[in-house]
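kindly generate the corresponding structure for this input.
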Amino acid sequence: MKYLIVVGDGMSDEPVAALGGRTPLAAACTPHLDRMVRAGVGGAARLTPEGFEPGSDVANLGLLGCDVREGYTGRSPLEAAAMGVALGPGDVAFRCNLVSLAGEGTVMGDFSAGHIGSAEAAEIVADLDRRLGGDGIRFHAGVGYRHLMVWAGGSDAVRCVPPHDIMGRALAPHLPTGPGAERLRGLMEAARAILADHPVNRRRRARGEAAADGIWLWGQGRRPRLAPLAERFGVTGAMISAVDLLKGIALHLGMEVVEVPGATGWIDTDYEGKAAAAMAALDRHDLVCVHLEAPDEAGHAGRADLKVQAIEDLDRRLLGPLLAHLEARGGPWRALALPDHPTPVRLRTHAAGPVPFAACGEGIAPDGNTRYDEDLLAHPGRVFDPGHGLLPWFLGRG
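Down below sits the predicted model:
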């Protein structure tokens with residue numbers, strides 16, 4: 001049996017006035033998602049358990065069958081694994097966003113620094129490490145605006161707020177607090193002085209682009225211990241994603257990470273490249289997970305139009321070809337498509353609550369639903385709460 005999972009990060013939403021009171025999923029043209037529902041089950045899964053923040057780390061671990069109430073330590077350690085950064089027993093990893101500040105440096109203007117490219121970002125991070133590294137602190141360049149800081153002997157009890165939760169808000173009430181906060185605040189303030197007139201930012205301003213004039217530290221944690229998919233479910237797997245978080249989750253779960261050079265984490269990502277990589281990976285593995293970040297990023301940007309575009313591109317350019325490939329290759333298969341969490345364009349950040357899923361294939365009987373959107377939450381064919389039970393059911397193990 002071959003198993004395909006397609007994740008549209010943050011794809012579910014609320015009704016949007018600009019879309020005639022429809023959600024982006026309801027407004028989008030999604031014939032392949034709809035076909036999956038008609039051929040199988042349209043259900044609901046709560047991938048973020050009560051008491052946890054609705055982040056992609058918690059939700060995607062739940063999607064891959066992990067009970068995050070056991071073994072989860074934080075977001076950034078997962079990203080560290082994807083970046084090849086080994087964490088020692090006393091190390092605490094932090095996500096280090098390059099951000100754009102507003103209000104003369106007092107307001108979070110853009111948590112992604114205008115979706116800064118990886119090459120310019122790496123130049124900035126190298127300078128941060130050169131000038132602020134040492135005494136237990138190291139900076140490591142990642143992808144786009146997403147980077148890593150490791151604090152040897154640091155505190156994981158500090159309380160940090162994700163920058164995408166405070167877009168357009170004053171920084172002061174949301175700065176780190178608790179044990180270790182003074183060190184983090186000092187690093188963030190020192191980074192502002194370094195980045196104010198950094199050569200990369202001079203070039204970006206000359207081009208009319210947002211400057212990466214600040215850093216934001218969050219998502220801290222120590223090295224986790226997670227059981228591999230093969231040990232828990234007896235299957236091998238591969239992950240295709242543009243973001244280090246999903247790659248790190250995959251590595252901790254013993255999955256192959258498949259790199260796609262044109263994968264960006266934004267609406268310009270290489271959908272066809274991801275589809276081709278998934279087709280090839282299905283020849284090597286039992287389960288292939290393809291993750292698309294673009295709907296989530298559009299939600300954070302507050303852009304319903306871009307979210308509809310990302311959903312339609314996922315359906316037409318990624319899901320459609322993959323379903324056709326499964327049908328043509330012969331042999332039994334199952335496919336699952338869903339978001340990890342909602343990212344409403346109104347909120348511009350993640351929200352808790354169940355998400356709709358579509359599942360079809362060998363042994364999955366139709367439940368009478370006909371369309372894929374948030375209406376499935378009102379009459380789901382199957383419900384998984386907590387959501388880590390979805391994967392065992394999909395694999396026929398539960």
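
so where do the strands sit in the stretch 151-300 of the chain?
For the stretch 151-300 of the chain, the strands defined by DSSP state E, counting those that start in this stretch cover 214-221, 237-240, 256-258, 287-292.

among these, which is nearest Pro342?
Smallest distance to Pro342 across the strands of the stretch 151-300 of the chain (Cβ to Cβ): 15.2 Å, for strand 287-292. Any C-beta I mention is one placed from the backbone N, CA and C, and that applies to glycine too.

quick one on the thing from earlier: any chance of the strands of the stretch 151-300 of the chain in JSON lines, plus distance to Ala206?
Formatted as JSON lines, the strands of the stretch 151-300 of the chain follow (distance: least, Cβ to Cβ, whole Å):
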{"stretch": "strand 214-221", "distance to Ala206": "19"}
{"stretch": "strand 237-240", "distance to Ala206": "36"}
{"stretch": "strand 256-258", "distance to Ala206": "36"}
{"stretch": "strand 287-292", "distance to Ala206": "33"}
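
show me what contacts Trp216?
Contact analysis of Trp216 by Cβ atoms under 8 Å, 6 or more residues apart in numbering lists Cys96, Asn97, Val99, Met108, Phe111, Pro163, Met188.

quickly find the element holding the second one.
Right, the one you point to is Asn97. Assigned by DSSP states H and E, Asn97 belongs to strand 91-102.

sheet-wise, list the partners of that strand with their directions.
strand 107-110 (antiparallel), strand 146-152 (antiparallel), strand 214-221 (antiparallel) (DSSP bridges).

so which of those comes closest to Lys307?
It is, among those and with distance given as Cβ to Cβ, strand 107-110, at 17.3 Å.

point to the residue nearest the middle of this structure.
Centrality entry for the chain: nearest residue to the mean C-alpha point is Ser56, 4.6 Å, by Cα atoms, centre = their mean.

pLDDT score for the closest residue to Ala102 other than its chain neighbours?
Spatially, and ignoring its direct neighbours in sequence, Ala102 is nearest to Gly109 (3.5 Å; Cβ to Cβ, 6 or more residues apart in numbering). pLDDT recorded at Gly109 is 97.

list the residues that contact Gly109.
Per Cβ under 8 Å, 6+ apart, neighbours of Gly109: Val99, Ser100, Leu101, Ala102, Gly103, Met167, Gly168, Ala210.

pick the one among those closest to Gly178.
For the contacts of Gly109, the minimum distance to Gly178 (Cβ to Cβ) is 21.2 Å, reached by Val99.

hmm, that closest one is touching Ile215, no?
Yes. With contact defined as Cβ atoms under 8 Å, Val99 counts as touching Ile215 (6.7 Å).

joint contacts of these two?
By Cβ under 8 Å, 6+ apart, no residue touches both Val99 and Ile215.

phi, psi of the residue nearest to the centre of the chain?
phi -70, psi -20 (degrees, to the nearest 10).

residues touching it, list them.
Counting by Cβ under 8 Å, 6+ apart, Ser56 has contacts Asp9, Gly10, Arg75, Val243, Leu245, Leu246, Asp296, Asp340, His341, His350.

sitting in helices, which of the residues you listed do you find?
Residues of the contacts of Ser56 located in helices (DSSP state H): Leu245, Leu246, Asp296.

tell me the pLDDT of the last one.
Read that as Asp296. Per the predicted model, pLDDT is 96 at Asp296.

how about it, nearest residue that isn't a chain neighbour?
Nearest non-adjacent residue to Asp296 (Cβ to Cβ, 6+ apart): Gly10, at 3.1 Å.

burial measure for the one you found, as a count.
Counted with other Cβ atoms under 10 Å, the neighbours of Gly10 add up to 32.

wait, isn't Cys160 in contact with Gln220?
Yes. The pair Cys160 and Gln220 passes the contact test of Cβ under 8 Å, sitting 6.2 Å apart.
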